[in-house]
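1. whatever this is, show me its structure:
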Amino acid sequence: EERSVVSGCRYLAVDLDQTAEDMPAMPGQTVWQPNTTVIAFCKGSVDSLPEQTRRLLPFFDVVADTNIRDELLNPALDNLQANPLASTALIQLLRKNRQLSVEEGLMLESLTYSTLQHGAEFIRWLNRRTAPKPDDSMPTHPVITHRNGDDLTITLNRGDKHNAFSAAMREALCEALSFAEADHSIQRVLLQGAGRSFCAGGDLDEFGLARDAAQAHLTRTTRSPARLIDRISHRTTARLHGACIGAGIEMTAFAGRLVASPGAYFALPEVGFGLVPGAGGTVSIPRRIGPHRAALLGLSGQRIDAALALEWGLVDEIGDPAELS
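-> Next up is the predicted model:
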């Protein structure tokens, strides 16, 4: 109990540079999941550790070796201190999603997100931010579809707002994706964004508007672009450029092929708001980059560039999205 986040233990640090004889015994069939984040540190690369030590890696949530950049690790440690409940909720999701199906993972993510929307950390963030100004710039068509033979192009159409993901955009995107799923004559689906960015994440002006946790959960699970993209992933390619933040990478990570422009960048900022990724990221991203890197990305809230995203496997290719065939 003393090693629980509710008792003030923000995280546990494990020294992987201990000698093999000093390392704890393997837990065997027992699943060791303390109610806090477990971070393993070592001075070199984990690849150079003894085999007995490397077998313990699945029991850790974050592995901090020489391959981990300080600009990611230090903000992650700061978030663990500032938002311990959201941080631990993210870790719990990533642990569970190692065993769950996509459908089950999305359900659990939504329930967790709805819970945190009424938590002290998110309310604190809401109270600190500048009140949103009325915005009458919502386009008539937040999503545009264009069909050419067997190809369907779906374009996020709030370019002046970096395609901030609003409720109206979610509804329109679900409609377009549902059409693509139902029509098997569509062989290729291309998902892209108008303007300077693919998608800068959830529309912050709408954050905090959901006062009914049950209604918010049911809306998120019955109108899920992430679920639909996963169902047609083998037919779907996403062109990514500019900001690909929050929902902008979470739902699209389900696509079968992700092509990023050299200037694209990616981030999961939700823990800094007192939340967890709520657009499918705790399910899609660890399937691409593994749970350790997904935890680091989510805990830090920091941007990674296209080169690192490619190295990690978050995207499949770097190129000029305009020339994508």
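2. show me where the stretch 1-150 of the chain has its strands.
-> Listed in chain order, the strands of the stretch 1-150 of the chain (DSSP state E, counting those that start in this stretch) span residues 11-15, 37-41, 62-64, 143-148.
3. and the second one, average pLDDT?
-> Read that as strand 37-41. Strand 37-41 comes out with an average pLDDT of 91.
4. please enumerate the helices of this structure.
-> All helices of the chain, identified by DSSP state H, fall at 51-54, 70-82, 84-96, 102-116, 120-128, 167-182, 213-222, 225-231, 247-250, 281-289, 291-300, 306-312.
5. which of these sits closest to residue 274?
-> helix 120-128 (2.9 Å; C-beta to C-beta). In this view, the C-beta of every residue, glycine as well, is placed from N, C-alpha and C.
6. helices or strands up against that closest one?
-> Where contact means 3 or more C-beta pairs under 8 Å, 6 or more residues apart in numbering; DSSP states H and E, helix 120-128 is packed against helix 84-96.
7. deepest of the helices of the chain, which one?
-> helix 247-250 (a mean of 30; mean count of other C-beta atoms under 10 Å).
8. output the contacting helices and strands for that helix.
-> If you count contacts as 3+ C-beta pairs under 8 Å, 6+ apart, helix 247-250 packs onto strand 265-267, helix 281-289.
9. nearest to residue 75, out of these?
-> Residue 75 lies closest, by C-beta to C-beta, to one member of the helices and strands packed on helix 247-250: strand 265-267, at 10.7 Å.
10. residues in contact with that closest one: which ones?
-> 242-246, 248-249, 297, 301-306, 309, 314 (C-beta atoms under 8 Å, 6 or more residues apart in numbering).
11. again with stretch 147-164
-> So stretch 147-164 is contacted by 137-139, 141-146, 166, 169, 173, 176-177, 179-180, 185-205, 242-243, 248 (C-beta under 8 Å, 6+ apart).
12. what's the answer for stretch 181-188, then?
-> Against stretch 181-188 from outside (C-beta under 8 Å, 6+ apart): 147, 150-152, 180, 228, 231-232, 235, 237.
13. do you know the pLDDT at the closest residue to residue 233 other than its chain neighbours?
-> Excluding its sequence neighbours, the residue lying closest to residue 233 (C-beta to C-beta, 6 or more residues apart in numbering) is residue 256, at 4.5 Å. Among the per-residue scores, residue 256 holds a pLDDT of 96.
14. pretty sure residue 256 is touching residue 236, no?
-> Yes - judged on C-beta atoms under 8 Å, residue 256 makes contact with residue 236 at a distance of 5.6 Å.
15. okay, those two: which has more neighbours?
-> Neighbours were counted for residue 256 and for residue 236 using other C-beta atoms under 10 Å; residue 236 has more, 24 against 15.
16. hang on, isn't the more buried one packed against residue 176?
-> No - in this structure, residue 236 is not within contact of residue 176 by C-beta under 8 Å, at 11.5 Å.
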